[in-house]
Every structure is written in structure tokens, then in C-alpha cells.
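>>> Need a 3D model of the sequence below.
(2 chains)
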Amino acid sequence: MLSAADLTAIWLTLKLATVVTLLLLLLGIPLAWWLTRTQSRWKSTVSAVIALPLVLPPTVLGFYLLVAMGPDGPLGRLMTALGLELLSFSFTGLVVASVIYSLPFVVQPVQNAMQAMGTRPLEVAASLGAGACDRFFTVVLPLSSPGILTAAILGFAHTVGEFGVVLMIGGNIPGATRVISVQIYDHVEALEYGHAHTLAGIMLLFSFAVLFALYTFNGRRRHAGLSVGGLP
Amino acid sequence: MLLTRLKQTLIAISATLMALPLYADEVMVAVASNFTAPMQEIAAAFAQKTGHKATLSFGSSGKFLAQIQNGAPFEVFLSADQAKPVKLEQAGTAVAGSRFTYAQGTLALWSASAGLDPQALLQSGDFNKVALANPKLAPYGAAAVQTLEKLGLAEKTRSHWVMGENISQTWQFASTGNAKIGFVALSQIMKNGAVTSGSAWLIPATYYQPIRQDAVLLKKGEGNAAAAALLEYLQSDEVNAVITRYGYSRG
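This next block holds a predicted model:
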């Protein structure tokens, strides 16, 4: 039932989602920690910018990215100055776009978990002589791990489900930018409804399984701080 | 006193309402994206001439076909190809015998940068990306692939292809400069008989199968005077003059 092109699309999507999730955790956990602790007047601004993809239509984000990544756009100029290829129509470009697009889905659950933890465990650790770095890795991270797991699952799933932005900046290249959602779209447009049904069914089962696992997991741990697409 | 003022207000309101154009009938039209610019002009002239209003939706023909088959409220379909209207006719979703070729498209290789020779650029291979519409979905994409094959460049350039889901998106890739060159519809870069910006190479008609674009009356539009009038108007000399200015022919 699955063609070679379908399998390529599935493999590419999993690769994209994995890379994006790892980058999102690297970027999202420190960001969430900063947002939890900071008294900065920039807090609201940063929070709002991170949450933008939740409310912006993917076409807006995709359009801005396409223009920004073009040879006359800021990202395009940067890449040219660095002697690199343009980001549009490349796997790297999709990674950049997906990180922006899925950032709130990672930052918010982690931030919720860190806030739920409170300052008490940190004070205790400090009184026992733990340094800032030590406290972060041995107290903060373990205590917010349920939120981090939720964030990883949501970031991964949201990247798998991405469509509008990829369509705008991807250029439909097999093995580089043609992800499952675009492949399904192509099947529908080409009236290959049989193929479309197979892939769409896989996506439906995958999404359900992920959310089911997430809710089951969160049902057991009440302080995981799950907010699917919601503000904290 | 109050009554007089009320009366005056009412008169003012009704005068405003009467100043708005009054349409006899309305027709819902699904238009292939490559025909966007000429169709907007045609619909305006059509409204002025007949008093009917054509409400236009633009998009890819494949999506329109799926939507029409699933009960979309369109009454007239201007496809980017011949195959889809034929299919609707056979399925009984379109009125048999109403189909005709409203325009024949011209393919162009275009760059948003002025003063270039797109043909030489394509031959030299000195470009980052070449944009084309997905050949599986769009007739302009299929024509682009035929052209590349004719030039013996299909395999050589394949790794540089970026595909738009329709011809509008393909133009967008080229116009933002993300792709140095792109195979677009002449209608997208032409106005009043001249290419408006960038540099273009009009692909010789012998390089690709003619892009015949058919119109068809859908079952939902049967009996709608505006739909019948629009289809008739599309075949007029007046419309012929408009589409020629946009780089189409009658075939």
C-alpha cells in the first residue's frame, strides 16, 4: 500500500521531528528556566513572541520565512555572508522553521513544571551548599522531568503534523522537504485517494496514540503541567 | 419635526442603497490560479455589461475537482487543464456538452532579476534552484518537464527543482528570488501585452503539449442565468482581446 515515495516521506518526517525535538529541548529548557526565574521587564515580550505560532496562521509564518530566507531577506543575506546555501527549499530550512513553529509547545509545559516546583527545593539545595549549576542539573531538571517529557512529545508530534509552513518554504523536494503531510496533500490533489487514505490513516493513529499516551501519563502525575496549545 | 427628520434619513438611506450596484444574478466560479489576473478583469467587465456578479475563487484545479465532487457550491469551473472538466462531465457533476476551451496557456521561463537571459542561465546550470509547478498536479508543471526533456536538461537539473503546488506558488518562489529561475505561466508576468518585470524566455510552443484550459458548467449552475451568461461571455471577442493581452491564445 505504501509506495517508495511514501516511505521516503515518512522517514524524512521522523528525521525532521527528531532533530527538531532535540534542538527544541536544548533551546526550550534554558528559555523556560529563564522565564520562570526572571524579573526582567522583557519577560512578557519574550513570552508573547514564543507563543506567536500558537495564534498566527502558518501561512503568515511561512510567508515571512520565505521572504526572510530569500536572497534579499535578512536570513538570506546572513547565509550568503557566511558563504552558505539559502535556507529555503532545504532540510536545514525546515528545521529552522519547525523550531520556531513548535517552540511554544516545548517552552510552555517545561515552564509550567518549573513554576509548579516552586522555590523551596532550590532553597533547601542551596542551604546544603549546592551551587547554581549543581542545583539546575540535580534539582530543577529531575523535578521538572514530567514537563520536559510532555514538551518533547508535544514538540515531536507538532512537527510531524506541520503542513502550512512546509508548503510555503519547502518546494516539495523528495527526501529533503516533502514530509508526510505534503505527500498526503499531493495524493489528494492528484486524486490518488487510496494512497491518501493509507497515509492519512497512519497519521491519525499516530496522533491518537501520542495524545493517548500523554494523557495517560499525565493522569498519573498531576503536576506535569500539560497545556496542549494553551497559554500557561 | 421628528417625523420629517426620520423621513429625510430614510430617503438618504435608500438613496445610498440604490447607488450600490444591483446584481441581477450571482454565479460562483472556481478559477485555476494561473487565470487569476485576466479573470478579475473579465469578471469586472462582465458585471458592467450584464449586471450579473461573478464571485471568484482561485486555487489549484485538483483541489477544486475534489471539492466539486464533494458538494462545493461552484457553478462554473475554469480548469487549468482539459482532463478535469472531462472527468466531471463523465461523472455527471458537470452539464454534458457545456465544455469548451476558454484559453490556451503559454509557458515562460522567468527570473525576477532584470537583464538576464533565462534560457542561457538554464543551459549553463549556473543557478541555485529552478521552480516549476508539480508536474503531477499542474499542467504548467508537466509542460515545464516536457520542455526540460526536449532540451535534454531534465536529468541534469532535477536536483535543483523546487516544486510549487500550483503555478501561483511557483511564481512566488521565483519572485521572492528563492529560486533564481522558474517556469511560470506567461499570464502571471504579462500585462497589456508586455512582460512587466524581470527577464523572461517564452518557451517555443513546439517544446510542450498545448496547455488547453477548459471551462464547464456544473450541475449546481444549471438554470442560473448568470452562469449561462458568463460562459457565453467567455467565448466573446471582447474576452478574447483580454486574454491575448495576458499571453493566452484561443488555441
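>>> Quick check: residues of chain A near chain B?
A:66-67, A:69-73, A:76, A:85-86, A:88-89, A:167-169, A:171-173, A:185-186, A:188-191 (Cβ under 8 Å from any Cβ of the partner chain). Any C-beta I mention is one placed from the backbone N, CA and C, and that applies to glycine too.
>>> Apply the buried test to those and list what passes.
Neighbour-count burial (16 or more other Cβ atoms under 10 Å in any protein chain shown) applied to the residues of chain A next to chain B gives A:66-67, A:69-71, A:73, A:76, A:86, A:88-89, A:167-169, A:171-173, A:185-186, A:188-189, A:191.
>>> how many other residues sit next to residue A:187?
Applying other Cβ atoms under 10 Å in any protein chain shown, we find 22 residues neighbouring residue A:187.
>>> How about the contacts made by it?
Going by Cβ atoms under 8 Å, 6 or more residues apart in numbering or on different chains, residue A:187 touches A:193, A:195-196, A:199.
>>> Can I get the buried part of those as one ChimeraX selection?
Remark: buried members of the contacts of residue A:187, expressed as a ChimeraX selection using 16+ other Cβ under 10 Å:
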select /A:195,196,199
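>>> Helices - which of the contacts of residue A:187 land there?
A:193, A:195-196, A:199 (DSSP state H).
>>> Okay, and residue B:229 sits in which element?
In this assignment (DSSP states H and E), residue B:229 forms part of helix B:225-234.
>>> helices or strands up against the helix or strand just after that helix?
Toward the C-terminus, helix B:225-234 is succeeded by helix B:237-245 as the next helix or strand (DSSP H and E). Here helix B:237-245 touches helix B:36-50, strand B:100-105, going by 3 or more Cβ pairs under 8 Å, 6 or more residues apart in numbering or on different chains; DSSP states H and E.
>>> for the ones you listed, which one sits closest to residue A:209?
Counting by Cβ to Cβ, residue A:209 lies closest to helix B:36-50 out of the helices and strands packed on helix B:237-245; the figure is 41.7 Å.
>>> In terms of secondary structure, what does that closest one contact?
Using 3+ Cβ pairs under 8 Å, 6+ apart, helix B:36-50 is in contact with strand B:26-32, strand B:53-59, helix B:186-189, helix B:225-234, helix B:237-245.
>>> Please report the number of neighbouring residues for the residue of chain B found nearest chain A.
Minimum separation of chain B from chain A (Cβ to the nearest Cβ) falls at residue B:162, amounting to 3.0 Å. Residue B:162 is flanked by 26 other residues according to other Cβ under 10 Å.
>>> Can you name the helix or strand that it falls in?
Per DSSP H and E, residue B:162 falls inside strand B:161-164.
>>> What lies in contact with that strand?
A:88-89, A:171-173, B:129-135, B:138, B:141, B:170-173, B:178-179.
>>> what's the answer for stretch A:37-53, then?
A:31, A:35, A:61, A:100-104, A:107-108, A:231.
>>> Going along the chain, name the helices of chain A.
Secondary structure of chain A (DSSP H): helices located at A:4-37, A:43-55, A:58-69, A:74-81, A:91-117, A:120-127, A:132-135, A:141-143, A:145-160, A:164-170, A:180-189, A:193-220.
>>> Any chance of the ones you listed in CSV with mean pLDDT as columns?
Below are those laid out as CSV (pLDDT from 0 to 100):
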stretch, mean pLDDT
helix A:4-37, 96
helix A:43-55, 95
helix A:58-69, 92
helix A:74-81, 94
helix A:91-117, 95
helix A:120-127, 90
helix A:132-135, 88
helix A:141-143, 93
helix A:145-160, 94
helix A:164-170, 91
helix A:180-189, 90
helix A:193-220, 90
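>>> returning to that earlier point: tell me which of the helices and strands packed on helix B:237-245 sits most buried.
Burial of these is given as mean neighbour count (mean count of other Cβ atoms under 10 Å in any protein chain shown); strand B:100-105 ranks first at a mean of 21.
>>> Check which helices and strands whichever helix or strand comes after it sits against.
The helix or strand immediately downstream of strand B:100-105 is strand B:107-111, counting by DSSP H and E. Applying 3+ Cβ pairs under 8 Å, 6+ apart, we find strand B:107-111 packed against helix B:118-124, helix B:139-150, helix B:167-175, strand B:181-185, helix B:186-189, strand B:199-202.
>>> Would you mind getting the angle between the second one and strand B:100-105?
Pointing back at helix B:139-150 there. Compare the direction of helix B:139-150 with that of strand B:100-105 by axes from the mean of the first three to the mean of the last three Cα atoms, to 10 degrees and you get 50 degrees.
>>> which residue is nearest the centroid of the chain?
You didn't say which chain, so I picked chain A. For chain A, the residue nearest the mean C-alpha position is residue A:102 (2.9 Å; Cα atoms, centre = their mean).
>>> The chain in question should be chain B.
Taking Cα atoms, centre = their mean, the centroid of chain B lies closest to residue B:35, which sits 1.5 Å from it.
>>> what residues does the stretch 151-251 of chain B put near chain A?
Residues of the stretch 151-251 of chain B lying near chain A (Cβ under 8 Å from any Cβ): B:161-165, B:169, B:172-173, B:176-179.
>>> Please work out how many residues are found near residue 204.
The chain I'm using is chain A. A count of nearby residues for residue A:204, using other Cβ under 10 Å, gives 10.
>>> My question was about chain B, not that one.
Residue B:204 is flanked by 10 other residues according to other Cβ under 10 Å.
>>> Local confidence estimate at it?
With respect to pLDDT, residue B:204 scores 95.
>>> Can you read off the backbone torsions of it?
For residue B:204, the backbone dihedrals (degrees, to the nearest 10) come out as phi -60, psi 140.
>>> Quick check: it vs residue B:46, distance?
33 Å (Cβ to Cβ, to the nearest Å).
>>> go on, residue B:212?
Relative to residue B:46, residue B:212 is positioned 22 Å away (Cβ to Cβ).
>>> For the closest residue to chain B within chain A, which non-adjacent residue is spatially closest?
At 3.0 Å from chain B, residue A:171 is the closest residue in chain A, using Cβ to the nearest Cβ. If the residues on either side of it in the chain are set aside, residue A:171 comes closest to residue B:162, at 3.0 Å by Cβ to Cβ, 6 or more residues apart in numbering or on different chains.
>>> ok, back up a step: pipe the helices and strands packed on helix B:237-245 into a markdown table and attach mean pLDDT per row.
As requested, the helices and strands packed on helix B:237-245 are exported to a markdown table (pLDDT from 0 to 100):
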| stretch | mean pLDDT |
| --- | --- |
| helix B:36-50 | 94 |
| strand B:100-105 | 96 |
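>>> can you put the ones you listed in a markdown table and add distance to residue A:120?
Formatted as a markdown table, the helices and strands packed on helix B:237-245 follow (distance: least, Cβ to Cβ, whole Å):
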| stretch | distance to residue A:120 |
| --- | --- |
| helix B:36-50 | 62 |
| strand B:100-105 | 70 |
